[in-house]
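*Asks:* Structure for the following, please:
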Amino acid sequence: MDELFEKGAILNMAEMVEYSAGGVISKQVLKNNAGNITLFSFDKGQGLSEHTAPFDAVVEILDGEAEIMINGKPLLLVAGQAVIMPANIPHALFAKQRFKMLLTMIKG
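*Replies:* Numbers count the residues shown, from 1 in each chain. Below you'll find the model as predicted:
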């Protein structure tokens, strides 16, 4: 299996995932028993409906602007900003304009 993300190389994460008109793209960077790191791109108007996760997760916005709802509280994040989404608390994401993000989830 070819690895999309070369270990030991400099990576520009924002350039490693493209946008898709009217869609959402996800690309797994790393996954193991300790957790996973995934890149996402969301076109304007796309999102993830409210859900929970069993572990804390860090979302870092790489490009654009995202509205993230955590336990009913809306947060507007722009490129360079991040938020920790707490385990077992409802959260949702919405693209008022298109955005890219890096999601890091550590199990445990």
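
*Asks:* So in that sheet, which strands flank the strand ranked longest in the chain, and in what orientation?
*Replies:* The longest strand of the chain (DSSP state E) is strand 57-70. Paired neighbours of strand 57-70 in the sheet (DSSP bridges): strand 73-78 (antiparallel), strand 82-85 (antiparallel), strand 91-94 (antiparallel), strand 99-106 (antiparallel).

*Asks:* quick one: A14 is in a helix?
*Replies:* Yes. Membership of A14 in a helix is supported by DSSP: H, G, I helix; E, B strand; the rest coil.

*Asks:* measure the residue nearest to it when sequence neighbours are not counted to P74 for me?
*Replies:* The spatially closest residue to A14, leaving aside those adjacent along the chain, is L62, at 4.1 Å (CB to CB, 6 or more residues apart in numbering). Heads up, the C-betas are built off the backbone N, CA and C, glycines and all. For L62, the distance to P74 equals 20 Å [CB to CB, to the nearest Å].

*Asks:* Flag the shaky bits of this protein, pLDDT-wise.
*Replies:* 1-4 (pLDDT under 70).

*Asks:* hmm, 80 instead?
*Replies:* Scanning the chain for pLDDT under 80 picks out the ranges 1-4, 108.

*Asks:* And for H51, the neighbour number?
*Replies:* Neighbour count for H51, taken as other CB atoms under 10 Å: 9.

*Asks:* There's contact between it and A92 in this structure, I believe.
*Replies:* Yes. In this structure, H51 is within contact of A92 by CB atoms under 8 Å, at 7.2 Å.

*Asks:* Next up, the contacts around S49.
*Replies:* S49 sits next to A92 when contact means CB atoms under 8 Å, 6 or more residues apart in numbering.

*Asks:* Just the element for it, please.
*Replies:* strand 47-51 (DSSP states H and E).

*Asks:* Report the strands that pair with that strand, each with its relative direction.
*Replies:* Here, using DSSP bridges, strand 47-51 pairs with strand 91-94 (antiparallel).

*Asks:* Relative to the whole chain's centre, how far out is the partner strand?
*Replies:* 10 Å (CA atoms, centre = their mean, to the nearest Å).
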